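# What follows is a predicted protein model with its sequence.
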Amino acid sequence: MLLSHAQTLLDRAITYGVADVGIVQAIMILMYWKAPADTSAWRKIGIAIRIGYQLYWHVPRTQPLPEDEMAARQILNLERTWMCLFCFDRGLSQTYGLPVSIRLNHIMDADTWARDHLYLGPSVDMHLASSIELCKIKDQWRAICETNISSISYFDAALDSMSAQCEALLAKWWRKDAPPPGFDYEKEHVGLWSALDFVLILKRHNLDIGPSDPARIDLCLSDAARIVDEIDTLADNGDLEIMQDTESCMTSSLVVLLRKMFHLATRTQKSLIVTLLQRILVAHSRVCGDEVNTATAYVARFVRRTLRAIGTESRAGSPLRDQGLGENNVLGTNDQPDFLVQLQEFMGMPEETVGTNDDEYWATLFST
């Protein structure tokens, strides 16, 4: 009821042409508090960006902040909102594979901007600076992928360059010993997940070059394990529940990659992959509880289906099935690989555990 009321007020304000920072911030907040199947986020953020342009937020400030604290904070409120919009614009566009709206030259250098007013006390501005740096690296990668250059050597060099930039980004921001001033390392799990997700995207391209190379699989699994650590943390601190589309896309992509690697992995690697999938399932199940129509519930069911499929495929392809075991027999734990023992509970899981509208949710999410 509250969501419906807030949306009605917002729609009315936009219809009547109200254009101010409060309307833009309301749109941004409602990107987190929405129905999981609501795919209007990219379009609504487009409205917010248009308002920002109409209010000339894209014109960088050339004068220092006023000495009066209230006046300074009012200016920073507008600049901060514009930088948040930049992150929303990039994040949603990259998630859905749609064009971005804010030009790169219409955003100030976020790191310099954030450090310039640290004297005003704690804020989210250093978080914004790290997020914007990551967005700009992703912009470069997206441009490379859209160039249609067939040269393998060029692509390999670009891949190496992107990987080096990612490692530099992680070294700059996410270091426990000496984090940047105003950057709270312990609270930056969403940003770290986003950075690690991009690192894994790059390593996945290396994996495609030698998909059955155990060393390449190990490199991907190392980053996947770090991501699962972040998922566990976000499940505990409440952030996983409100990440919505971004979380669903990043997690489902990770699950698909893990399943792909499973069929090419060594026995030890298979066991680790199953463990990671189980941890993802537990984290999402813990967050969604008894709810069935939340983003985390959709992800939990997707992971459960994946584990069941892996278990069924592995059992069907196991030579132990030829040792006199019937279709309904359960293999003894001493006779089967560790990963099959881990998958036993999922092998016999009935199909009715899948929600009736799950396929529609995923089709809608990835076709927006």
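Received it, and whenever you're ready, just let me know what you need.

# can you tell me which residues contact residue 199?
If a contact means Cβ atoms under 8 Å, 6 or more residues apart in numbering, then residue 199 has 163, 166, 167, 170, 223 as its contacts. Using the backbone N, CA and C atoms, a C-beta is placed for each residue, glycine as well.

# so which helix or strand takes in residue 77?
helix 69-96 (DSSP states H and E).

# what mean pLDDT would you report for that helix?
What helix 69-96 shows for mean pLDDT is 95.

# Tell me which other helices or strands the helix or strand following that helix touches.
Sequence order places helix 110-115 as the next helix or strand after helix 69-96, per DSSP H and E. The helices and strands touching helix 110-115, judged by 3 or more Cβ pairs under 8 Å, 6 or more residues apart in numbering; DSSP states H and E, are helix 69-96, helix 125-145.

# Outside of stretch 173-180 itself, list whatever touches it.
In contact with stretch 173-180 (Cβ under 8 Å, 6+ apart) are residues 115, 126, 130, 133, 172, 183, 185, 188, 191, 192, 195.

# same thing with stretch 253-270?
Residues contacting stretch 253-270 (Cβ under 8 Å, 6+ apart): 197, 200, 204, 207, 211-212, 214, 217-218, 220-221, 224, 227, 273-274, 276-277, 280, 302-303, 306, 309-310, 313-314, 337-339.

# if we go to 7 Å?
Identification of contacts with stretch 253-270 by Cβ atoms under 7 Å, 6 or more residues apart in numbering yields 204, 211-212, 214, 217, 220-221, 224, 227, 273, 276-277, 280, 302-303, 306, 310, 337, 339.

# And the buried ones among the residues you listed, selectable in ChimeraX?
Selecting only the buried entries of the contacts of stretch 253-270 in ChimeraX, with 16 or more other Cβ atoms under 10 Å as the criterion:
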select :204,217,220,221,224,227,273,276,277,280,302,303,306,310,337,339
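
# Please narrow the contacts of stretch 253-270 to those residing in helices.
Among the contacts of stretch 253-270, the ones falling in helices (DSSP state H) are 204, 214, 217, 220-221, 224, 227, 273, 276-277, 280, 302-303, 306, 310, 339.

# Max pairwise distance over those residues: which two?
214 and 302 (27.0 Å; Cβ to Cβ).

# List the buried residues in the helix or strand bottoming out on mean pLDDT in the chain.
Least confident helix or strand, the chain: helix 338-347 with a mean of 73, by mean pLDDT, DSSP states H and E. Of the residues in helix 338-347, 339, 340, 341, 342, 343, 346, 347 count as buried by neighbour count, 16+ other Cβ under 10 Å.

# wait, which of those is closest to residue 33?
residue 346 (32.8 Å).

# how far is stretch 176-184 from where the chain is centred?
23 Å (Cα atoms, centre = their mean, to the nearest Å).

# What residues of that stretch count as buried?
For stretch 176-184, burial by neighbour count (16+ other Cβ under 10 Å) applies to 179, 180, 182, 183.
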